[in-house]
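# Have a look at this prediction, sequence included:
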Amino acid sequence: MTRINSFEIGAHQVDQILGEIGGNLFLGSVHQMEADVCLQHLGHQAVDASTNRGEEHQLIAAILVARERALHCVELAAQLLHALQQLYFFPILMRHGLISSLDNTHPGYGINQEGVYNPFLYSMPVRRPSPLLLALAVLAGAFLLTGTLAAAQTPADLPSAPEPQRAALSDGGEQALRVFMAPMAGSVHFELAASGADGATEGGAEGAGPTAPPAAETLTMFPHSDTAPYWISGQANSILQMHGHFHSPYQGTNSLIDDVEAKASEVTTLYLGYQLHPNTRYNTDLIVDVENAGGRGISQALGLAGETNLDVVRNPNLSTVPYLSHGEIHQIIGLTDATTDQDRGPFALATKVPVRRFEIRIGKMSLPDTFDINSAGSDSHLQFTNWTIDNNGAWDYPADTRGYTVGGVLEYDDRIWSARYAIAAMPTVANGITLDWAFSRAYGQNWEFELRKGLFAPMLNSRREGAVRVLSYVNHAHMGDYRESVQQYLAGKVATPDITQTEKFSAVKYGFGLNTEQEVTDSLRLFARFGWNEDQHESFAYTEVGQTVLFGGDLSGHDWHRVNDKVGAAFVSNAIKRDHQNYLHYGGLGFLLGDGNLNYGRENILEWYYNAHVWHGLYGMVGGSQIENPGYNRDRGPVYVSTIRAHIDF
């Protein structure tokens, strides 16, 4: 790589220097020629200006700095794209012997016949490429390639020049700069810091002005406008989990498998939104999201009430074809002209909203996007991954097996409190993909009150943020009864208890929940949940939990100079009531649990994670879960599950 220590350079040297920039952009022969012509034209004009007028040394120096920074950025982009490729095609490594056998039980996955020789089940899925994920990857690559030269915008110390004649660039220099900007118009912002009596460099000893505050770090691969009427973003989340052998004297149809397992999942989402009526007081959003989910959880997401991977689809036989995850209209009705700021995102496009307002949502949605939200424990993409940590395990919220339903939400927001109500469709069967559209016989109702003031606010600084949320729900669906199922078995009417034999439309299941969070310091947050339901009727939509107690917290990386990193830990203890215990003890099967026997004990889970911000919207996480009494069975476990996650926000 050429180094220039003097400004006495000629056109052939500029050709050599700038040729290296184009040569490292790996653009292909035709585009490479175009890039060479543009860059060499710039170099020749700069040299001519320097020869004729002598004062353009700063421009040439800036070119050299741009060249150095651009090459570093190109190298970083190439490494990132390579990492993305390795992440997405990680399952292919099994074909090379890193994992010795494949799960070939699903038509959506490839099969390596030569690799199936180990009796142990290593079922990392070999997925066919997802069109949605590939499209997002192409967009990311295009962004990185067009942005490589943008690194030159960072002001840098330029080499001192021999006796500059003028402090600012002349018209010739400005013209050369415009030539440099031409091939990158719209994507690169280039700045030169001029030196002289009227323009000392910021931070210099003489004539120094106040240093501009650093720009906020971008936490997505692409910037998102706060003023455009539309919203386009995306995410890709991949989780790999592994566990080894554990104590297990027996196992049943729905048990956590006592074997060495390594399973991966991936979820990719394209978020689209449009402000049909962008008005501060009466804003209307149209939200359409498309999602693709694939892979599997350990033991096919069976054997645990607190399943360790929230991204896993609970029915492994579902298609991996992209599907509509959200299709809703979001309407704001303001009750006052006073406004407050709101963070723009895929589910709410307005940046300012009335302080007192109604919000209405109608369409296809996921209720945890609106209810039971907790800033420290609700996001499986950047925080915990356990079902009963990211959500209230005792909340059997209306949803199909992918977690979505159709219904409506009415919410009232005031300065420090909110109240919301939802009515939504229930599935036709437990853990089913089909929703029952007959609201006259099957539906779920949900209520929540939120006070944006923490439980410990009186003991802490008043500026510390916090919240308390109280949740209740009532489900009407074609559900069975654990007590009746056990009675049928004890009367000799069935060989084993079968919950489906007692299902009827008049069944009602209800429960309550408490959710709180509290900021303690600038870096530390604590959170907790409690949930309870009557647990006599069948667990139908979420998981098999009758009572849950959770507490945890997270700590940002501010103290070790990584402000966007987080480390978190949480403990959750899940339980079921006597009727449910007896049903599993006598050999009954739920949609998640069933060891064939049960020596009951609370299922206790301790999860930890470290989530590292790598660059822009790229994150990596390592973590693990220690599980005692998996599936409420004292005869089995404990077991430790290791977790590795990669996440990209576009």
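That came in fine, so what should we check first?
# Now do the helices in the protein.
Across the chain, reading from the start of the chain, the helices by DSSP state H fall at 11-23, 29-53, 57-88, 131-146, 171-181, 387-390, 482-490, 578-585.
# among those, which gets the worst mean confidence?
If the helices of the chain are sorted by mean pLDDT, helix 171-181 sits at the bottom with a mean of 42.
# Could you check the pLDDT of Phe26?
41.
# again with Phe384
Note for Phe384: predicted pLDDT of 98.
# any idea how far Tyr510 is from it?
Using C-beta to C-beta, to the nearest Å, one obtains 27 Å as the distance from Phe384 to Tyr510. Quick note: C-beta positions are derived from backbone N, CA and C, even for glycine.
# Compare those two (neighbour count), which wins?
Set side by side, Phe384 and Tyr510 show more neighbours around Phe384, with 30 against 15, by other C-beta atoms under 10 Å.
# next one: phi and psi at that one?
Its backbone dihedrals place Phe384 at phi -70, psi 160, with angles given as degrees, to the nearest 10.
# what sits against it?
Phe384 is in contact with 377, 390, 552, 568, 570, 607, 609, 623, counting by C-beta atoms under 8 Å, 6 or more residues apart in numbering.
# can you put those in JSON lines and add distance to Ser325?
Putting the contacts of Phe384 into JSON lines (distance: C-beta to C-beta, whole Å) gives the following:
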{"residue": "Gly377", "distance to Ser325": "22"}
{"residue": "Asp390", "distance to Ser325": "17"}
{"residue": "Gly552", "distance to Ser325": "27"}
{"residue": "Gly568", "distance to Ser325": "26"}
{"residue": "Ala570", "distance to Ser325": "26"}
{"residue": "Glu607", "distance to Ser325": "25"}
{"residue": "Tyr609", "distance to Ser325": "24"}
{"residue": "Gly623", "distance to Ser325": "25"}
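# what's around Phe512, how many residues?
Burial of Phe512 is recorded as 17 neighbouring residues (other C-beta under 10 Å).
# From here on, call the first residue 34.
In the new numbering, first residue 34, that becomes Phe545.
# right, and it touches Trp565 too?
Yes - using C-beta atoms under 8 Å, Phe545 and Trp565 qualify as a contacting pair, with a distance of 5.5 Å.
# Any regions of the chain where pLDDT drops low?
Along the chain, the parts satisfying pLDDT under 70 run over 34-249.
# how close does Thr369 get to Pro387?
On the measure of C-beta to C-beta, Thr369 and Pro387 end up 5 Å apart.
# and the two? which has more neighbours close in?
Residue environment comparison for Thr369 versus Pro387 gives the larger neighbour count to Pro387, 21 against 11, counting by other C-beta under 10 Å.
# Give me the nearest residue to the more buried one, chain neighbours excluded.
Computed as C-beta to C-beta, 6 or more residues apart in numbering, the closest residue to Pro387 that is not its neighbour in sequence is Gly367, at 3.2 Å.
# ok, now which ones touch that neighbour?
313-315, 386-387, 389-390.
# Which ones among those residues lie within strands?
Assignment to strands by DSSP state E places the following of the contacts of Gly367 there: 386-387, 390.
# any chance of these in TSV, plus distance to Pro256?
Converted to TSV, the ones in strands among the contacts of Gly367 look like this (distance: C-beta to C-beta, whole Å):
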residue	distance to Pro256
Val386	22
Pro387	27
Arg390	28
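# Let me see the domain layout of this protein.
Domain ranges of the chain: 34-241, 271-349+368-415+425-682, per automatic domain parsing.
# Spit out the contact partners of the closest residue to Asp514 other than its chain neighbours.
Taking C-beta to C-beta, 6+ apart as the measure, Asp514 lies nearest to Thr535, with 4.7 Å between them; neighbours along the chain are not counted. For Thr535, the set of contacting residues under the criterion of C-beta under 8 Å, 6+ apart consists of 513-514, 517-518, 521.
# Export those as a markdown table, with columns for distance to Gly499 and neighbour count.
Shown next, in a markdown table, are the contacts of Thr535 (distance: C-beta to C-beta, whole Å; neighbours: other C-beta atoms under 10 Å):
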| residue | distance to Gly499 | neighbour count |
| --- | --- | --- |
| Gly513 | 40 | 24 |
| Asp514 | 40 | 20 |
| Glu517 | 43 | 19 |
| Ser518 | 43 | 25 |
| Gln521 | 48 | 17 |
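# Which single one of those residues is nearest to Gly650?
Top of the list for closeness to Gly650, among the contacts of Thr535 and by C-beta to C-beta, is Gly513 at 44.7 Å.
# residues contacting that closest one?
The neighbourhood of Gly513, defined by C-beta under 8 Å, 6+ apart, consists of 532-537, 540, 570-571.
# Could I get the full set of strands for the stretch 434-583 of the chain?
Counting by DSSP state E, counting those that start in this stretch, residue ranges of the strands within the stretch 434-583 of the chain are 438-446, 450-457, 476-484, 499-512, 537-552, 557-566, 580-590.
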